[in-house]
Structures are given as structure tokens and as C-alpha cells.
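Prediction below, plus the sequence it came from.
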Amino acid sequence: MEQRIGSSSQPLEGAGFDPAFIPGLTSPASGRTEDDEPEKEPEVADAEESAPEQEETAEAASPSEPEEDADADGPVFEASDRRARIVADHRGVRLSLDDQECEFRWDEIGAVETETARFGKRYTVTVHTPDRRWYPIEIEAPARSRFTEWDEQLDAVLDAYFEEDAG
């Protein structure tokens with residue numbers, strides 16, 4: 001009779017052990033540190049130190065956010081509980097759970113599915129991508145009556161922004 005020494009199971013891979021396994025879940029880490037920056041000449045460094053003050057006043061005078069939110073007049077769906085949050089608007093769908101966040105533009109979404117628990121107050125929204133990945137998030141509703149309200153709001157957002165391919 002043969003006996004094996006050690007474990008016969010293979011190491012696990014996936015999002016549970018490596019959040020970078022799911023594209024878009026975490027931002028790529030920058031390999032640069034402050035020590036890697038090229039040294040500047042003193043005259044150039046002095047000019048660059050005074051430049052941020054000018055940039056700050058220019059940003060305060062003409063903020064760029066209103067241009068970005070020009071299409072924000074459309075429907076918005078937002079639901080959250082103590083841990084999870086989902087926002088769907090003109091920019092796409094954003095999911096967050098505790099300190100983890102991911103964002104999907106409308107062209108990155110294949111389908112959006114909702115599900116309610118038979119018992120309890122869990123509302124599940126699942127975002128499906130065209131490459132056969134799915135990202136579910138559960139929101140605990142204050143009351144079961146919120147399910148129909150949330151379904152109507154999410155349907156309005158999907159009707160306004162989500163375009164299904166006909167072919």
C-alpha cells in the first residue's frame with residue numbers, strides 16, 4: 001500500500017486569494033517610487049513649485065465636473081446597506097462592498113440581472129460581462145416593499161442607457 005507524503009490538493013487561484021485576478025476590481029499598482037524620479041535642476045524645480053498654485057486657481061475657476069455630468073439629468077438607481085452599494089447612472093454601473101469597488105461602463109456590460117430572496121430582505125444584482133464573467137452584489141433592504149421600487153428604478157436606468165445588440 002502506497003502512502004503519499006504531503007497534500008495532494010493543488011494551490012487555489014482566483015479572486016479569493018488574488019483580487020487582481022478579476023480585471024477592473026483593483027487598479028494596477030504603480031512600480032514607481034519617489035526615488036525613481038529623475039533629478040531636476042534647481043531653476044526648473046523652483047518654477048514647478050510655483051506652478052501648482054496657478055493650476056489650483058484655474059481649477060477652482062473652471063471645474064471640469066459639470067462638463068462630465070452634462071448627461072446626468074437621466075435616471076439614476078442607487079441602493080445601499082451598511083456594507084454594499086450599487087449605483088447605476090449615465091456612466092455605467094458601480095458596485096462596492098466594504099473597501100472593494102469595481103466600475104463597469106455600459107459597453108462592458110452584457111446583461112444585468114436582479115433576484116430577490118424568497119424569505120428575508122436580500123436584493124441581489126448581478127452584472128454579466130460579454131466574456132462570461134459575472135459580478136453579484138447583495139443589498140439588504142429595509143423592507144421587502146423596497147424590492148418593487150428598486151426594480152422600477154433599475155429598469156428605468158437600463159432602458160435609458162443599456163443597449164442590447166440586435167444581432
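Okay, I see it. Residues are numbered from 1 along each chain as shown.

Just give the nearest non-adjacent residue to residue 109, would you?
Computed as Cβ to Cβ, 6 or more residues apart in numbering, the closest residue to residue 109 that is not its neighbour in sequence is residue 127, at 5.9 Å. Any C-beta I mention is one placed from the backbone N, CA and C, and that applies to glycine too.

In terms of pLDDT, where does that neighbour sit?
In the prediction, the pLDDT value recorded for residue 127 is 95.

Ok, residue 47 next?
Taken from the predicted model, the pLDDT recorded for residue 47 is 49.

now do residue 5
Model confidence at residue 5, expressed as pLDDT, equals 70.

Report how many residues lie close to it.
Residue crowding around residue 5 was assessed by other Cβ atoms under 10 Å; the count is 4.

Next, work out how far apart it and residue 80 are.
50 Å (Cβ to Cβ, to the nearest Å).

Where does pLDDT dip in this protein?
Applying pLDDT under 70 to the chain flags residues 1-4, 6-72, 164-167.

ok, which stretches of it are strands?
Chain-ordered strands for the chain, with DSSP state E as the definition, fall at 77-80, 84-89, 92-97, 100-104, 111-116, 122-128, 134-140.

and the closest residue to residue 163 other than its chain neighbours, how many neighbours?
Distances taken as Cβ to Cβ, 6+ apart place residue 106 nearest to residue 163, at 7.3 Å, with adjacent residues excluded. Neighbourhood size, residue 106 [other Cβ under 10 Å]: 14.
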